[in-house]
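K.L.:
next one to model:
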Amino acid sequence: MELLYRKTTDGICLERCYTLDGAPVLPDYMDGMPVTELERYLFSQTVRGRETPPDHLREEPQLCGRAVKELALPQHLKKVGAYAFYNCSELKTLSFGSTVQDWGAGVFTGCTGINSLRIRIVPGSKSCFKEVLSELRQELTVEYLDEEGRLLAKLIFPEFFEDSVENTPARIIMRKMHGCGHMYRYCFSGTEFLFREYDRLFPNAVIVERPKLVTQLALYRLYWPYGLTEEWKGGYWDYLKQHPMEAVKGLMTRREDDILRWLSCQEEADASFLAAALKAAEREEDPQSSALLLDAVHRRFGSERRKQAAARTFEL
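P.N.:
Model prediction:
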């Protein structure tokens, strides 16, 4: 990877990136200075008035537009220039720190493919998490990391959109919001994310969203219970018990075997829950998940089943 850059008063500003790798990790330092800024239109396909690159880079592939698949932004980044990711429609995952102070105008315009965020939270500092969420209306999976990069929680933010309908006789424009994703994007006090407010919205998700998404949201909160209270722990489990097949089918589709293994060992996942889960695995013709669930059934309820079989034999 080759980078064009310039020095500023407080660090390095990246101007262009040349690489065949669609998922680069941008450097934290260059020339002994922190990378603090991304130039406007940095990853945009075309920019009017852009200077011709140096001779040795004219034949090199520039990372921009649809070629951008995943980006990990520098640790000390403070500013992202206007339209930096303009029309990067294939960009799926963005990793960044919460201390980015300035996101330029239209920075996510055309970034309809983003479905995953990884944000490192620096305590005691103003966070840009709320600002980024408000710019992305599609369904998002967010990995919430501590300052050292350790995963604290994995959160689902449903999508939302709005439309406008004109009431012609009254000459009034009626705006209607669809989905509960906008409510999930208000779980903040200032710029601090509040897990209790996120969990409090679960009944709304149950009503509005499809079971496939709701079970995923519940499983992630239970598996990574950072900030989870006993009240909402019970609420999440109650929903999963009502939708065991959807929960397990989702885990199989996403190949989250670690969560499935954990789920099969939980006290709340009783014999009837595991029986429904096993039926889902059999319907999906997933031998790996079926074997995992069968092992859990025999390990946890094998002796009980043997007692029941012996009782039936005695009665005969």
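K.L.:
what about the protein, any weak spots by pLDDT?
P.N.:
When residues are selected by pLDDT under 70, those of the chain lie in 48-50, 164-171, 173-177, 303-316.
K.L.:
name the nearest residue to the residue nearest to the spatial centre of it, sequence neighbours excluded.
P.N.:
In the chain, the residue lying closest to the centroid (Cα atoms, centre = their mean) is Thr141, at 1.5 Å. Counting by Cβ to Cβ, 6 or more residues apart in numbering, the nearest residue to Thr141 once its immediate chain neighbours are dropped is Ser116, at 5.0 Å. Placement of C-beta: from N, CA and C, glycine included.
K.L.:
again with Lys69
P.N.:
With Cβ to Cβ, 6+ apart as the measure, Gly22 is the residue that lies nearest to Lys69, at 3.7 Å, once sequence neighbours are left out.
K.L.:
can you give me the domain boundaries for this structure?
P.N.:
When the chain is parsed with automatic domain parsing, its domains come out as 1-114, 243-316.
K.L.:
give me the beta-bridge partners of the residue nearest to the centre of the chain?
P.N.:
Thr141 has the following beta-bridge partners by DSSP bridges: Ser116, Ile156.
K.L.:
do you know how far it is from Asn115?
P.N.:
To Asn115, Thr141 is 6 Å away according to Cβ to Cβ, to the nearest Å.
K.L.:
now swap in Ala67 and tell me
P.N.:
Spatial separation of Ala67 from Asn115 under the definition Cβ to Cβ is 18 Å.
K.L.:
that's a helix at Asn204, yeah?
P.N.:
Yes. Under DSSP: H, G, I helix; E, B strand; the rest coil, Asn204 falls within a helix.
K.L.:
you'd agree Glu51 is in a strand?
P.N.:
No. When classified by three-state DSSP, Glu51 is found to be coil rather than part of a strand.
K.L.:
tabulate the domains of the chain (JSON lines), appending distance to Asn204 and mean neighbour count.
P.N.:
Conversion of these to JSON lines gives the following (distance: least, Cβ to Cβ, whole Å; neighbours: other Cβ atoms under 10 Å):
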{"stretch": "domain 1-114", "distance to Asn204": "23", "mean neighbour count": "17"}
{"stretch": "domain 243-316", "distance to Asn204": "17", "mean neighbour count": "15"}
